[in-house]
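> need the 3D shape of this:
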Amino acid sequence: MNVAVLVFPGSNCDVDMYKAVLDTIEQPVEYVWHLESDLSKYDAILVPGGFSYGDYLRPGAVASLSPVMEEVKLASEAGKLILGVCNGFQILTEANLLPGALRRNQRLKFHCETVDLKVENNLTPFTLDYQEGETIRIPIAHGDGNYYCDPETLNQLEKNNQIVFRYKGTNPNGSISEIAGVINERGNVLGLMPHPERAVHKWLGTDDGKRMFSSIIRFWREQNGTV
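Below you'll find the model as predicted:
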């Protein structure tokens, strides 16, 4: 499986994402600059966290207009796996690849801590190795992680089982319905605010993020008959 880690001016979790791929699934992975115009060789595209373009206008707004995002949209239409984390989640919503929007945290403070998440949907390509309803611990680091959507969209997310992760116990940013991560209706584009790439070794405090990467390679192998 060929994996791309996108890099925008201001990305700061691209190295974490790159090393997480190597450390967990040991698949070919490359950095891809935001001006790239061809992603056809990649099976999975990872959009990392950071502060793309300094978060000017809105976090992810400028990055969503970068040339590479047109290729990401084509990859989405082709059914390829796309994972956006933190700023990557913001970019995917700004590019209309995921519903909703990320607003300023409710208390207008940057939150950097490890939080509990509830796995709401373990039937996605990104969550196959989790158990439905289990609690996992993943770090967050964001100032604009307050997920919001209108009531109609929320009803659709609930109906289609598109809410993949919810904050459990404490809602650090005020997200509607405690939402921490959502997937598109087709099921191949996931966005979440917590950082699974920072949770792949016990010595990091938790390795609960490791199973997101193992789920991706498991799904890809099953789809391609290489199990």
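> just the helices in this protein please.
Along the chain, counting by DSSP state H, helices occupy 14-24, 67-77, 87-94, 151-159, 210-224.
> where in this structure is pLDDT low?
227 (pLDDT under 70).
> recalculate using a threshold of 80.
226-227 (pLDDT under 80).
> of the helices of the chain, which approaches residue 139 most closely?
Nearest to residue 139, of all those, is helix 14-24, at 10.5 Å by C-beta to C-beta. Just so you know, the C-beta spots here come from the backbone N, C-alpha and C atoms, and that holds for glycine as well.
> now the angle from that closest one to helix 210-224?
70 degrees (axes from the mean of the first three to the mean of the last three C-alpha atoms, to 10 degrees).
> what residues does helix 14-24 touch?
For helix 14-24, the external contacting residues (C-beta atoms under 8 Å, 6 or more residues apart in numbering) are 3, 5-7, 27, 29, 31, 46, 48, 50, 85, 195-198, 200-201, 209-210, 213-214.
> same thing with stretch 117-130?
Taking C-beta under 8 Å, 6+ apart as the rule, stretch 117-130 contacts 81, 83, 131-138, 161-168, 180-181, 183, 187-188, 190, 194, 211-212, 214-216, 218-220.
> please identify the deepest-packed of the helices of the chain.
When the helices of the chain are scored by mean count of other C-beta atoms under 10 Å, the highest mean neighbour count falls to helix 87-94 (a mean of 28).
> just checking, what packs against that helix?
strand 44-47, strand 81-85, strand 101-103, strand 189-192 (3 or more C-beta pairs under 8 Å, 6 or more residues apart in numbering; DSSP states H and E).
> distance from the chain centre to it, please.
8 Å (C-alpha atoms, centre = their mean, to the nearest Å).
> what's the answer for stretch 142-155, then?
Using C-alpha atoms, centre = their mean, the offset of stretch 142-155 from its chain centre is 15 Å.
> cool, stretch 181-199 as well?
3 Å.
> okay, buried residues for it please.
181-184, 187-199 (16 or more other C-beta atoms under 10 Å).
> same deal with stretch 114-126?
Buried, per 16+ other C-beta under 10 Å, within stretch 114-126: 114-122, 124-126.
> among these, give me the pair with the biggest separation.
114 and 125, at 24.7 Å, using C-beta to C-beta across the buried residues of stretch 114-126.
> now render the helices and strands packed on helix 87-94 as TSV, adding distance to residue 143.
Shown next, in TSV, are the helices and strands packed on helix 87-94 (distance: least, C-beta to C-beta, whole Å):
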stretch	distance to residue 143
strand 44-47	18
strand 81-85	15
strand 101-103	10
strand 189-192	16
